[in-house]
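Peer 1: Kindly return the folded structure for what I paste below:
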Amino acid sequence: MKRVVITGLGTISPIGKNVNETWEGIKSKKCGVEKITQFNTDNFKTKLACEVKNYNPEDYFDLKQARRLDKCSQFAIIAAREALQDSKITKENTDYNNIGTYIGSGIGGLNTIQEQCLVNFEKGNNRVSPMFLPMALSNMPAGNVTIDLGLKGESLSTVSACASSTNSIGEAYRAIKDGYEEVILAGGTESAICEIGVASFENMKALCSSDDKNRASIPFDKERKGFVMGEGAAVVVLEELEHAKKRNAKIYAEVIGYGATSDAYHVTSPSPDGEGAARAMTRALKDAKIKPEDVDYINAHGTATHLNDMYETMAIKTAFGEYSKIVAISSTKGNVGHLLGAAGAIEAIFCCKAIEDSFVPPTINYKVKDEDCDLDIVPNEPRMKNIDIAMSNSLGFGGHNASIILKKFKV
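Peer 2: Residues are numbered from 1 along each chain as shown. Modelled structure (predicted):
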């Protein structure tokens, strides 16, 4: 079995156009929640979201290319470009035939779907764009990244709702560990802040309807009333250790464990007591060959919905036992909202940076303690702490659970 390390990071998020801006936003407790600008919300209860601020596609693409890419593909390409550049992988030091691309999306091109359905109903079927499906399909972010960067290894799009990008990273880790690829760009992307996306989540009572940006995305707080939609993308470069060492790559962290399970319970609700999530964490710990008390920090899924936060708390207690009372846990969704299919990947980046900087991100805007969420959630203020091992959890509609474990690299 080969060792797998992370050598490149890339993101575009509600609090930054790149990794440095985004991480500085986390460190300064920046909240990316603002009024929705992408459509008129007069008929909606939901007024707030975590949009990518001041986004202009022509800053990244020529006009023709931008028009042929749904925003979820645009975001994926932007994050992948940064990750590859950060890794310093080039055609001189790496065979691009052996670079894979695992980019997941929970929903895909929802803006395009909404736009073209309206064209069909209002103007007729002969006015529907021939680019409709190539823009809307969930596999197209991965496909478009390969085209943009010329990556010719295995291409895979994981679609497992809000666990999509954690599954992408986990499956990429396995593929490299087993020798199928030397390098894989893995992560996720999402852009679903549009009328149909917000309406659907709102009508299932999943979204917070607060008009106070500092009391909207409040994971583990007793007054939480739903998640805040976010958008953006995050990509990490996973690399076989010896390949990375040969080119003297900077190593952010080593991936040492991955676990994935199914609840087999309900389309939207987690299984009672979070038993499915607990099994994913336990599988990841077993894969990493470590004990619960070896984990220094958990980046929780922590969506700020009532059931998720309560059941994830139960799951951590089940998987970590008595140590669950001690381990530092936080949710960064107070900063960036819920990036859905991109959530796990951006949270993996936060774990890498937390390891690098010995910095535990806080759960911001926390006020009211919930007896059902009685763990150490690092409320409001960051904590300086040596982090050797970090875990990141992602839980998705349909009962998809995924956990990855990252470790400070040691020769």
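Peer 1: for the helix or strand that Arg283 is a member of, packing partners?
Peer 2: Using DSSP states H and E, Arg283 maps to helix 275-288. In terms of contacts (3 or more CB pairs under 8 Å, 6 or more residues apart in numbering; DSSP states H and E), helix 275-288 is packed against strand 253-262, helix 306-320, strand 389-396, strand 400-407. C-beta coordinates here come from the backbone N, C-alpha and C atoms, glycine included.
Peer 1: Mean pLDDT and distance to Ala216 added to those, as a markdown table?
Peer 2: Shown next, in a markdown table, are the helices and strands packed on helix 275-288 (pLDDT from 0 to 100; distance: least, CB to CB, whole Å):
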| stretch | mean pLDDT | distance to Ala216 |
| --- | --- | --- |
| strand 253-262 | 98 | 30 |
| helix 306-320 | 97 | 15 |
| strand 389-396 | 98 | 20 |
| strand 400-407 | 98 | 25 |
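Peer 1: roughly how far is the helix or strand immediately after the helix holding Arg283 in the chain from the heart of the chain?
Peer 2: Next in sequence after helix 275-288, counting helices and strands by DSSP H and E, comes strand 297-299. With CA atoms, centre = their mean, to the nearest Å as the basis, strand 297-299 stands 14 Å off its chain's centre.
Peer 1: swap in stretch 398-409?
Peer 2: Centroid displacement of stretch 398-409 relative to its chain, using CA atoms, centre = their mean, is 11 Å.
Peer 1: now do stretch 166-173
Peer 2: 12 Å.
Peer 1: picking that back up, the helices and strands packed on helix 275-288: which one's closest to Gly197?
Peer 2: Relative to Gly197, the nearest member of the helices and strands packed on helix 275-288 by CB to CB is strand 389-396, separated by 15.6 Å.
Peer 1: Mind listing the strands the closest one pairs with, and their directions?
Peer 2: strand 297-299 (parallel), strand 400-407 (antiparallel) (DSSP bridges).
Peer 1: could these go into CSV alongside distance to Ile326?
Peer 2: Shown next, in CSV, are the strands paired with strand 389-396 (distance: least, CB to CB, whole Å):
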stretch, distance to Ile326
strand 297-299, 11
strand 400-407, 17
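Peer 1: any idea how far the closest residue to Gly197 other than its chain neighbours lies from Lys369?
Peer 2: Counting by CB to CB, 6 or more residues apart in numbering, Leu110 is the residue found nearest to Gly197 once chain neighbours are left out, at 5.2 Å. Separation of Leu110 from Lys369 (CB to CB, to the nearest Å) stands at 36 Å.
Peer 1: OK, contacts around the closest residue in space to Tyr311 that isn't next to it in sequence?
Peer 2: Sequence neighbours aside, Gly274 is the residue nearest to Tyr311 in space, at 3.7 Å (criterion: CB to CB, 6+ apart). Applying CB atoms under 8 Å, 6 or more residues apart in numbering to Gly274 gives the contacts 311-316, 318.
Peer 1: Can you verify my assumption that Ala253 contacts Lys353?
Peer 2: No. Taking CB atoms under 8 Å as the contact criterion, Ala253 and Lys353 are not neighbours in contact, 9.4 Å apart.
Peer 1: between these two, who's got more neighbours?
Peer 2: Ala253 (25 against 21; other CB atoms under 10 Å).
Peer 1: how far away is that one from Glu182?
Peer 2: For Ala253, the distance to Glu182 - CB to CB - is 18 Å.
Peer 1: try Lys289
Peer 2: As judged by CB to CB, Lys289 and Glu182 stand 24 Å apart.
Peer 1: neighbour-wise, which of those two wins?
Peer 2: Neighbour count, other CB under 10 Å: between Lys289 and Glu182, Glu182 has more, with 21 against 9.
Peer 1: if I pick that one, what's in contact with it?
Peer 2: 94-95, 98-99, 176, 239-240, 243.
Peer 1: go with 10 Å
Peer 2: 2, 89, 94-95, 97-100, 153, 176, 238-240, 242-244 (CB atoms under 10 Å, 6 or more residues apart in numbering).
Peer 1: Identify those among those residues that sit within strands.
Peer 2: Counting by DSSP state E, the contacts of Glu182 place 99-100, 238-240 in strands.
Peer 1: Can you tell me which of those is nearest Leu406?
Peer 2: Set against Leu406, the nearest of those by CB to CB is Leu238 (10.9 Å).
Peer 1: Dig out what the closest one forms beta bridges with.
Peer 2: According to DSSP bridges, beta-bridge pairing links Leu238 with Ile6, Ile184.
Peer 1: neighbours of it, just the number please.
Peer 2: Leu238 has 29 nearby residues by other CB under 10 Å.
Peer 1: That one against Tyr180, yeah?
Peer 2: No. In this structure Leu238 lies outside contact range of Tyr180 using CB atoms under 10 Å: 11.9 Å.
Peer 1: Could you pull out the residues contacting both of those two?
Peer 2: Common neighbours of Leu238 and Tyr180, counting by CB under 10 Å, 6+ apart, are 100, 172.
Peer 1: Okay, strands next: where are they in the stretch 51-200 of the chain?
Peer 2: 99-104, 155-156, 183-190 (DSSP state E, counting those that start in this stretch).
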